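Novice: Build me a model from this:
(3 chains)
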Amino acid sequence: MKKIYYIFYKDFSSELRMRFAINALIMFVIVAVSTILFSLGSENAPQNVYAGMFWVVVFFSAMSGLSRTFVSEEERGTSLILSLIANPISIFLGKFLFNLVLIFFINSIITMLYMFLFQEFLIKNWMSFLLAFLLGNFGIAASSTIIAAIISKANVKGTLYPVLAFPVLLPLILMLIEITKSAMEGNPINDVEAEFLVLVSYDVIMITASILVFDIIWRD
Amino acid sequence: MNKIDLIVTNLKKTFNRRLVFDGLNFEIKSGEKLIITGKNGSGKSTLMKILAGVLTESAGFFQYILNDKKVDRENIYQIVGLVSPYLVLYDEFTAFENLKLFARIRNIKMSDEEINQILKKVGLFDRRNDLVRTYSSGMKQRIKYASAILHNPLVLLLDEPTSNLDLDGKNFVDELVEDFRSDGIVLVATNESQDFKYGQNIINLDNFHNIQVK
Amino acid sequence: MKARYFIGGIIIVLFLGLLFYNFTRTNIEYESDFSKVMQSGKVCKATGVWVKEKSFEEDIKNRTFVFYLRDAKNNQMKVIYRGTKPNNFEIATNVVVTGKFEDGVFHATDVLTKCPSKYEGQNINTSGS
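Specialist: Numbering: from 1, shown residues only, chains lettered A, B, ... in the order given. The predicted structure is shown next:
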């Protein structure tokens, strides 16, 4: 447990000094949200469009930022020292924890920006939205971490990430959009019970499968 | 006093279809020191990485046996210290921060005083609060030694141990290998004839890589 | 090590089943029997015919549109749609409303009309030529 925390701590203090991911992420969010804002002008789009656009921004910011954890390690050649001081599972969980914190941070910013800038983005059932937010972030962090590990060992790092991430994250994003739509309409939580169960199953499958395959990926 | 054995049987490594070495067999016990030599590209560094548990062999197998118990592949990192030209430390941290982090991630209790002791040993104490980025190649080699001996390993894997080191540094390596714990194992991969003094036996990897040509 | 893969495998298979089962449930189903629509209270696409006799009310200010639908078994239900009256509503042969039944009314989020084709009836005559 402590090992996991200190691997997270290493990445965290490294991020504070080097800003590998956070600058790119914040810039991306600002550009994406303001593009949507300007293109809409004073028109009001239907609510479900906002739900879709919200998760599209989250999805792409996850793609641009969360892969950095492993790729920067591999690019700088520091993955050798990392595998010399910790076992693969701790490494994976430490990196996962870091991505989890990062996605929560970014996603909170995106949510606040949306609520501030778009009046139509009005959540009526907060319970349902927050639960989706939690489960969704967990799923995005888990799948981005393992995908990042896979591509960090590949030769074509740049293009491979979206290619791999899209099919893996698609079911997650679909469910999240459905739940967000329902939360914006103010429907009770058991209306989207099936969607939530899909989210939970997705999260459990992703984290278990990642733990099982990670040491094979990590040790070439 | 621990007892450690390393058994290597029929070890083989290929990168894609290129054979690096095949049919490698040897065995070393506590207190023994072994030199591994061979031409450039004969697989010295590859063998070191495999024995450090960070690279997977293609066929055959190797096993560390600590006090008659097999060491799990996942726990090799706890008993092994590796110095290699491929090793890169986190250059956004200082030498002290690097070592402190490694001790914490390894989950070993170490006071700042103990870390300073190791820094003094490798001759980096005066520069301990400078970022590793600002270090010369010789100093980087020294900090690698510090990270390799931090957890008092039983197995020391030295790949090109004296590269980039000055006379003072070479003396440090001499002492380190000479005074290495008597129950431990030292493997040195080198082509420098002056490094051959570190071990009793020599394995030449050139004999293991042209057995078969695909 | 082996046990880890075994347990992990079981967990993955179990939750994969749960995932696919629930994934199929997330698709909104078509329902032509209003008694089922009224009972389930879930989001569905109800198909029926507009009850012309009861007409419709349109509130342009609040953007609501109220009308009655009936199914094949002559069950009737009131539909409230938050939006404006779709085109061709009067001549529609069939109406599909998406939403759910609550407090004795069907709250629709979407209304689709199926209109008689212009070419209907001509088909038979022109088939020979």
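Novice: rest of the way, CA atoms for contacts and neighbours
Specialist: OK.
Novice: what about the nearest residue to residue B:98 once chain neighbours are set aside, distance to residue A:76?
Specialist: Among residues not flanking residue B:98 along the chain, residue B:90 sits closest, at 6.8 Å (Cα to Cα, 6 or more residues apart in numbering or on different chains). Residue B:90 sits 9 Å away from residue A:76, going by Cα to Cα, to the nearest Å.
Novice: ok, now residue A:212?
Specialist: Taken as Cα to Cα, the span from residue A:212 to residue A:76 is 26 Å.
Novice: who has more neighbours, the two?
Specialist: residue A:212 (17 against 13; other Cα atoms under 10 Å in any protein chain shown).
Novice: For residue B:126, give its distance to chain C.
Specialist: Using Cα to the nearest Cα, to the nearest Å, residue B:126 is found at 45 Å from chain C.
Novice: And that residue, its phi and psi?
Specialist: Backbone torsions for residue B:126, taken as degrees, to the nearest 10, come to phi -70, psi -30.
Novice: Name the helix or strand for residue 62, please.
Specialist: Chain wasn't specified; assuming chain A. helix A:47-65 (DSSP states H and E).
Novice: What lies in contact with the next helix or strand after that helix?
Specialist: Helices and strands here follow DSSP H and E; after helix A:47-65, the next one along the chain is helix A:68-75. By Cα atoms under 8 Å, 6 or more residues apart in numbering or on different chains, the residues outside helix A:68-75 that reach it are A:11, A:20-21, A:79, A:95, A:99, A:145, A:148-149, A:151-153, A:157.
Novice: mind checking pLDDT for the most centrally placed residue in chain A?
Specialist: Closest residue to the average C-alpha location of chain A: residue A:140 at 3.8 Å, with Cα atoms, centre = their mean. According to the prediction, residue A:140 has pLDDT 93.
Novice: what separates it from chain C, distance-wise?
Specialist: Going from residue A:140 to chain C by Cα to the nearest Cα gives 16 Å.
Novice: Settle this for me: that residue is touching residue A:168, isn't it.
Specialist: No: between residue A:140 and residue A:168 there is no contact under Cα atoms under 8 Å: 9.5 Å.
Novice: Would you tell me which residues of chain C are close to chain A?
Specialist: In this structure, chain C approaches chain A at residues C:4-5, C:8, C:11-12, C:15-16, C:18-20, C:22-23, C:25-26, C:42-43, judged by Cα under 8 Å from any Cα of the partner chain.
Novice: hmm, the helix or strand containing residue A:137 touching chain B?
Specialist: Using DSSP H and E, residue A:137 sits within helix A:126-152. No: Helix A:126-152 lies out of reach of chain B by Cα under 8 Å from any Cα, never closer than 15.0 Å.
Novice: Which strands or helices does that helix pack on?
Specialist: helix A:47-65, helix A:68-75, helix A:88-117, helix A:157-185, helix A:193-218 (3 or more Cα pairs under 8 Å, 6 or more residues apart in numbering or on different chains; DSSP states H and E).
Novice: want to throw those into TSV with mean pLDDT?
Specialist: Formatted as TSV, those follow (pLDDT from 0 to 100):
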stretch	mean pLDDT
helix A:47-65	85
helix A:68-75	86
helix A:88-117	93
helix A:157-185	83
helix A:193-218	91
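Novice: Could I get the full set of helices for chain C?
Specialist: For chain C, applying DSSP state H gives helices covering C:2-26, C:34-40, C:122-126.
Novice: Just the C-alphas of the second one, formatted as CSV.
Specialist: So the one you mean is helix C:34-40. This file holds the C-alpha atoms of helix C:34-40, laid out as CSV (Å, rounded to 0.1, in the frame of the first residue of the first chain):
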residue,chain,number,x,y,z
PHE,C,34,-50.4,0.6,-23.5
SER,C,35,-51.4,-1.5,-20.5
LYS,C,36,-47.7,-2.5,-20.2
VAL,C,37,-46.5,1.0,-20.8
MET,C,38,-48.7,2.2,-17.9
GLN,C,39,-47.6,-0.6,-15.6
SER,C,40,-43.8,-0.6,-16.1
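Novice: And it, what does it pack against?
Specialist: Using 3+ Cα pairs under 8 Å, 6+ apart, helix C:34-40 sits against strand C:44-50, strand C:94-102.
Novice: which of those sits most buried?
Specialist: Of all the helices and strands packed on helix C:34-40, strand C:44-50 has the most neighbours on average by mean count of other Cα atoms under 10 Å in any protein chain shown, namely a mean of 23.
Novice: That one pairs with which strands?
Specialist: Applying DSSP bridges, strand C:44-50 is found paired with strand C:30-31 (parallel), strand C:64-70 (antiparallel), strand C:94-102 (antiparallel).
Novice: So which of the ones you listed is nearest residue A:51?
Specialist: strand C:94-102 (17.9 Å; Cα to Cα).
Novice: Just the residues contacting that closest one, thanks.
Specialist: For strand C:94-102, using Cα under 8 Å, 6+ apart, the contacting residues are C:37-38, C:40-50, C:106-115.
Novice: average pLDDT for that strand?
Specialist: 82.
Novice: now do stretch A:120-132
Specialist: 88.
Novice: buried residues in it?
Specialist: A:120, A:121, A:122, A:123, A:124, A:125, A:128, A:129, A:132 (16 or more other Cα atoms under 10 Å in any protein chain shown).
Novice: wait, what's in contact with the first one?
Specialist: Think residue A:120. A:44, A:45, A:46, A:47, A:50.
Novice: measure the nearest residue to residue C:115 once chain neighbours are set aside to chain B for me?
Specialist: Spatial nearest neighbour of residue C:115, excluding adjacent residues (Cα to Cα, 6+ apart): residue C:92 at 4.4 Å. Distance, residue C:92 to chain B, by Cα to the nearest Cα: 67 Å.
Novice: Show the backbone phi and psi for residue C:92.
Specialist: Dihedral angles (degrees, to the nearest 10) for residue C:92: phi -60, psi 140.
Novice: same deal with residue B:203?
Specialist: Backbone torsions for residue B:203, taken as degrees, to the nearest 10, come to phi -110, psi 130.
Novice: For it, which residues are in contact?
Specialist: Residue B:203 touches B:34, B:35, B:36, B:37, counting by Cα under 8 Å, 6+ apart.
Novice: per-residue confidence at it?
Specialist: 88.
Novice: Any figure for the gap between it and residue B:188?
Specialist: Counting by Cα to Cα, the gap from residue B:203 to residue B:188 is 10 Å.
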